[in-house]
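# here is my input, please return the structure:
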Amino acid sequence: MQPDAPPIRIRLARADDDAFVLGLAERFVAFELPPWRRRGECLAGIRRELARHLAEQPPGSHLFVAEDEDGTRVGFVHLQLTVDTLTGAANAHICDLAVAPGLDRRGIGSRLLAEAEAWARRRRCRHLTLAVFPGNEAARALYERRGFGVELLRMVKPL
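Got it, this is the predicted structure:
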């Protein structure tokens, strides 16, 4: 976290966190999307998938919420255990990571990434992966500063 940033605590999500998590879904489309992606359609899909994970809590899916010292929720990270299709090794995937509006650039995202990495290491994962839209420049810069690099490029041809 930034030197002047208040400390945060990261804990497993509870049922009373659902509205907070779903309320941050708009953060995932608050930048330039590829021209073939419709903002509303993407947002509905993201909300639907988050709601499913919150309701069903499928095996291997883990959602953590960050709170400040007053207990105010400031962000979340959704992790999933995966298997690397190239090696068969255990991996962890960051499905979603969001910081509450107005709290960007305070180290919360970095703290959530550090927690995700520690969580993955404890589970002996070989890699920590994530996907990010090219237009999400702030997130991409954060991920690069935290040691993430491009491994595969997913290419799309609209039909």
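# what segments of this structure are helices?
18-23, 39-56, 108-122, 137-145 (DSSP state H).
# run the chain-centre distance for the second one.
Same thing as helix 39-56. 13 Å (Cα atoms, centre = their mean, to the nearest Å).
# buried sites along it?
Applying a neighbour-count criterion of 16 or more other Cβ atoms under 10 Å, one finds Cys42, Ile46, Arg47, Leu50, His53, Leu54 buried in helix 39-56. (C-beta placed from N, C-alpha, C; glycine too.)
# I'd like to know which elements it is packed against.
Packed against helix 39-56 by the contact rule (3 or more Cβ pairs under 8 Å, 6 or more residues apart in numbering; DSSP states H and E) you find helix 18-23, strand 61-68, strand 90-99.
# what does that helix rub up against?
The contact list for helix 39-56, computed with Cβ atoms under 8 Å, 6 or more residues apart in numbering, reads 13, 17-18, 21-22, 25-26, 28-29, 33, 61, 63, 78, 95-96.
# state the distance from His62 to Leu86.
Using Cβ to Cβ, to the nearest Å, His62 is found at 23 Å from Leu86.
# out of the two, which sits in the more crowded spot?
Shown here are His62 and Leu86; by other Cβ atoms under 10 Å, His62 has more neighbours (20 against 8).
# and Thr129, what are its bridge partners?
His93 (DSSP bridges).
# surely it touches Ala90?
No - Thr129 is beyond contact range of Ala90, at 11.6 Å (criterion: Cβ atoms under 8 Å).
# please report how far the residue sitting nearest the centre point of the chain lies from Leu152.
Per Cα atoms, centre = their mean, the C-alpha nearest to the average position across the chain is that of Leu97, at 2.0 Å. Noted for Leu97: a distance of 19 Å to Leu152, by Cβ to Cβ.
# kindly report the same for Ala30.
Distance, Ala30 to Leu152, by Cβ to Cβ: 25 Å.
# ok, Val99 next?
Distance from Val99 to Leu152, counting by Cβ to Cβ: 26 Å.
# do the same with Asn91
Plainly put, Asn91 is 13 Å away from Leu152 if you go by Cβ to Cβ.
# just to revisit the earlier point, make TSV out of the helices of the chain and add distance to Pro158 and mean pLDDT.
What follows is these, written out as TSV (distance: least, Cβ to Cβ, whole Å; pLDDT from 0 to 100):
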stretch	distance to Pro158	mean pLDDT
helix 18-23	28	98
helix 39-56	13	96
helix 108-122	31	97
helix 137-145	22	95
